[in-house]
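1. Give me a 3D structure for the following:
(chains A and B)
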Amino acid sequence: MEEIIDKKIIEKVEKVAKKKKADFPESYIYDIAEAYVRRELSDRELEKLIIKVRKAYERARVESGEAVGTVAAQSVGEPGTQMTMRTFHYAGVAELNVTLGLPRLIEIVDARKKISTPTMAIYFDDDHKDDEEFVKKLANRIGKSTLNDILKDFYINYAEMKVEAVLDEEKIEDKRLDLKEILANVEKAFKRSDIKESTIVFEPAKQTIRELRLLADKGRDLQISGIKNIGKVIIRREDEWIIHTEGSNLGDILKIDGVDEVRTTTNDIHEIETVLGIEAARNAIINEALRTLEEQGLSVDVRHIMLVADMMTSEGVVRSIGRHGISGEKASVLARAAFEETGKHLLRASIRGEVDKLTGIIENIIIGQPIPLGTGSVGVVMKPNKSKK
Amino acid sequence: MTTSKLTRFEKARILGARALQLSMGAKPLVKVSDSIDPIDIAALELENKVLPLDVRQKETEN
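-> Residues are numbered from 1 along each chain as shown, chains lettered A, B, ... in the order given. Now for the predicted structure:
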């Protein structure tokens, strides 16, 4: 979208729309304004266009009383059945292993706290997005490196009971790490160590071979750089430099200078919720669900997914769909009992003396009344003193 | 609620209620011409805006 479209034109379109009683969202106004400029419409044509768009817009709206939830469930569920068949044959994305397909969709809908493959896509602001050196440096700071990654030589000296590690300065240079920082880190982690230039000598606390070997492993696994929870990083050149990570830590990444905090994302919805808030989590659910479906070549209308996301986030925290979330927290006893764990709910409700207001669908079906949906959601009143013709 | 346009649910509900009244002997508020089916008469009444019923949206939850 070009940003050339004048404010004046948008205002004009808004005015005409208002005159024609069309209550459009912003994007519609913008699109109409664009068409108005691009097609060089006359004022009369603009009016006509707005009337036509209004008609189409009103026709597309959902009528009150419509069973949107059922339709949404079917619209997500049916493509879901097709996913099961194809998912497990999927080869996976090049270097990073990311959960896809049905398992991922289930993960989103269940609002799992620990997702199986958290990943991030880190973007950079305008000043840094083409700066290879900066991005590489940052990637090494973010990604997890252990002492093992920068060793030139490493041996266990059984005779003198010590472990010797020789650091490779070339590798350090390549990873753009700082030798002093590394050594300081080592010193902090291992009290009984002796550092001479780039050679580190560790000594075990007890003079046993077992201790010595454990020490060797511990030394090699010492993390010398990286952000918590982030493992492997992959630098990719698309239209600009992007860092993909294994593991996710949105809060800390966003604090780094040069990172574009608008486009940088993670696939961990709970993390987005804690860092950016519930509205961001709602958008994340929509984006993630839509993307997993699209990757499988399935197109589901956004509005169905939006409904799911709205239900999941409407209480201010992300709730799962199912027993532990939305269905399990319903106000009506009968509605809960109809879903799962019937006996448990009925017993508890009777102990507490719960009252069921019978406002929902399921309750009314259970007791055999018309349901408040569709035709049933309409009440009829007699028109007072309507004079006859 | 006096909206200009009824939803399809409201229309069905109103027509049904009025048709029931007619079937039980209520006097039609329009001139009955060809069809004497209560639903047709109710539809005719709605068309002529003389149908003496109105809608009220109920509250739904869960």
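
2. Is the residue nearest to A:Asp168 when sequence neighbours are not counted in a helix, a strand, or coil?
-> Spatial nearest neighbour of A:Asp168, excluding adjacent residues (Cβ to Cβ, 6 or more residues apart in numbering or on different chains): A:Lys152 at 3.7 Å. Yep, even glycine has a C-beta here, placed from its N, CA and C like the rest. Here A:Lys152 is recorded as strand under DSSP: H, G, I helix; E, B strand; the rest coil.

3. buried sites along the longest helix seen in chain A?
-> Secondary structure of chain A per DSSP state H: the longest helix is helix A:68-87. Judged by neighbour count using 16 or more other Cβ atoms under 10 Å in any protein chain shown, the buried positions of helix A:68-87 are A:Ala72, A:Ala73, A:Ser75, A:Val76, A:Pro79, A:Gly80, A:Met83, A:Thr87.

4. Hmm, A:Val302 and the first one touching each other?
-> To tie it back to what came earlier, the one meant is A:Ala72. No: using Cβ atoms under 8 Å, A:Ala72 is not in contact with A:Val302, being 10.8 Å away.

5. Quick one: residues contacting A:Asp6.
-> Going by Cβ atoms under 8 Å, 6 or more residues apart in numbering or on different chains, A:Asp6 touches A:Val37.

6. A:Glu26 versus that one, what's the distance?
-> From A:Asp6 over to A:Glu26 the distance is 16 Å, taken as Cβ to Cβ, to the nearest Å.

7. One more: A:Val201?
-> A:Val201 is 66 Å from A:Glu26, by Cβ to Cβ.

8. higher neighbour count, the two?
-> Using other Cβ atoms under 10 Å in any protein chain shown as the criterion, A:Val201 and A:Glu26 rank with A:Val201 on top: 16 against 9.

9. Provide a list of residues in contact with the nearest residue to the more buried one once chain neighbours are set aside.
-> Using Cβ to Cβ, 6+ apart and skipping the chain neighbours, the partner closest in space to A:Val201 is A:Asp194 (4.3 Å). A:Asp194 sits next to A:Ile200, A:Val201, A:Phe202, A:Glu203 when contact means Cβ under 8 Å, 6+ apart.

10. Just say helix, strand or coil for the second one.
-> In other words, A:Val201. strand.

11. What is the burial count for A:Arg192?
-> Neighbours around A:Arg192, by other Cβ under 10 Å: 11.

12. thought it was touching A:Lys206?
-> No: in this structure, A:Arg192 is not within contact of A:Lys206 by Cβ under 8 Å, at 10.8 Å.

13. Now A:Leu298: closest residue in space that isn't a chain neighbour?
-> Nearest one to A:Leu298, counting by Cβ to Cβ, 6+ apart, is A:Pro79 at 4.0 Å.

14. who touches the one you found in this structure?
-> A:Leu293, A:Gln296, A:Leu298, A:Val300.

15. follow-up on the earlier one: most neighbours out of the contacts of A:Asp194, which is it?
-> Going by other Cβ under 10 Å, A:Ile200 tops the contacts of A:Asp194 with 24 neighbours.

16. Leaving out the residues flanking it, which one is nearest to that residue?
-> A:Ile200 sits nearest to A:Ala165 (Cβ to Cβ, 6+ apart), 4.6 Å away.

17. could you say which helix or strand contains the one you found?
-> strand A:162-167 (DSSP states H and E).

18. Could you check that strand and say which residues are buried?
-> So for strand A:162-167, counting by 16+ other Cβ under 10 Å, buried means A:Lys162, A:Val163, A:Glu164, A:Ala165, A:Leu167.

19. And the helices in chain B?
-> B:8-23, B:38-47.

20. same check, this time on the stretch 101-250 of chain A
-> A:101-109, A:132-142, A:169-174, A:179-189, A:209-220, A:250-254 (DSSP state H, counting those that start in this stretch).

21. same thing with the stretch 251-389 of chain A?
-> A:269-276, A:278-295, A:302-313, A:333-339, A:342-352, A:361-367.

22. so where's the chain shaky on pLDDT?
-> Here I'm looking at chain A. A:1-5, A:84-96, A:385-389 (pLDDT under 70).

23. The intended chain is chain B.
-> B:1-4, B:57-62.

24. centroid residue for chain B?
-> Central residue of chain B (Cα atoms, centre = their mean): B:Leu15, 3.1 Å from the mean position.

25. Next, the contact list for it, please.
-> Applying Cβ under 8 Å, 6+ apart, the residues contacting B:Leu15 are B:Ile39, B:Ala42, B:Ala43, B:Leu46.

26. Top of those by number of neighbours, please.
-> Neighbour count (other Cβ under 10 Å) singles out B:Ala42 as the most crowded of these, with 26 neighbours.

27. My read is that that residue contacts B:Pro52, right?
-> No: in this structure B:Ala42 lies outside contact range of B:Pro52 using Cβ under 8 Å: 10.7 Å.

28. Could you name every residue contacting both of the two?
-> B:Arg18.

29. sorry, back to before: want to throw the contacts of A:Asp194 into CSV with distance to A:Thr342?
-> Conversion of the contacts of A:Asp194 to CSV gives the following (distance: Cβ to Cβ, whole Å):
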residue, distance to A:Thr342
A:Ile200, 64
A:Val201, 68
A:Phe202, 62
A:Glu203, 65
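
30. May I have the longest helix of chain A exported as PDB, CA atoms only?
-> Extracted in PDB, the C-alpha atoms of helix A:68-87 (Å, rounded to 0.1, in the frame of the first residue of the first chain):
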ATOM      1  CA  VAL A  68     -21.600 -18.300  14.800                       C
ATOM      2  CA  GLY A  69     -19.800 -20.600  17.300                       C
ATOM      3  CA  THR A  70     -21.100 -23.700  15.600                       C
ATOM      4  CA  VAL A  71     -20.200 -22.500  12.200                       C
ATOM      5  CA  ALA A  72     -16.700 -21.500  13.400                       C
ATOM      6  CA  ALA A  73     -16.300 -24.900  15.000                       C
ATOM      7  CA  GLN A  74     -17.200 -26.700  11.800                       C
ATOM      8  CA  SER A  75     -15.100 -24.400   9.700                       C
ATOM      9  CA  VAL A  76     -12.000 -25.100  11.700                       C
ATOM     10  CA  GLY A  77     -12.800 -28.700  12.400                       C
ATOM     11  CA  GLU A  78     -13.300 -29.900   8.900                       C
ATOM     12  CA  PRO A  79     -10.000 -28.700   7.600                       C
ATOM     13  CA  GLY A  80      -8.500 -30.200  10.800                       C
ATOM     14  CA  THR A  81      -9.600 -33.600   9.700                       C
ATOM     15  CA  GLN A  82      -7.600 -33.200   6.500                       C
ATOM     16  CA  MET A  83      -4.600 -32.100   8.400                       C
ATOM     17  CA  THR A  84      -4.400 -35.300  10.400                       C
ATOM     18  CA  MET A  85      -3.900 -37.300   7.200                       C
ATOM     19  CA  ARG A  86      -1.100 -35.100   5.800                       C
ATOM     20  CA  THR A  87       0.700 -33.800   8.800                       C
END
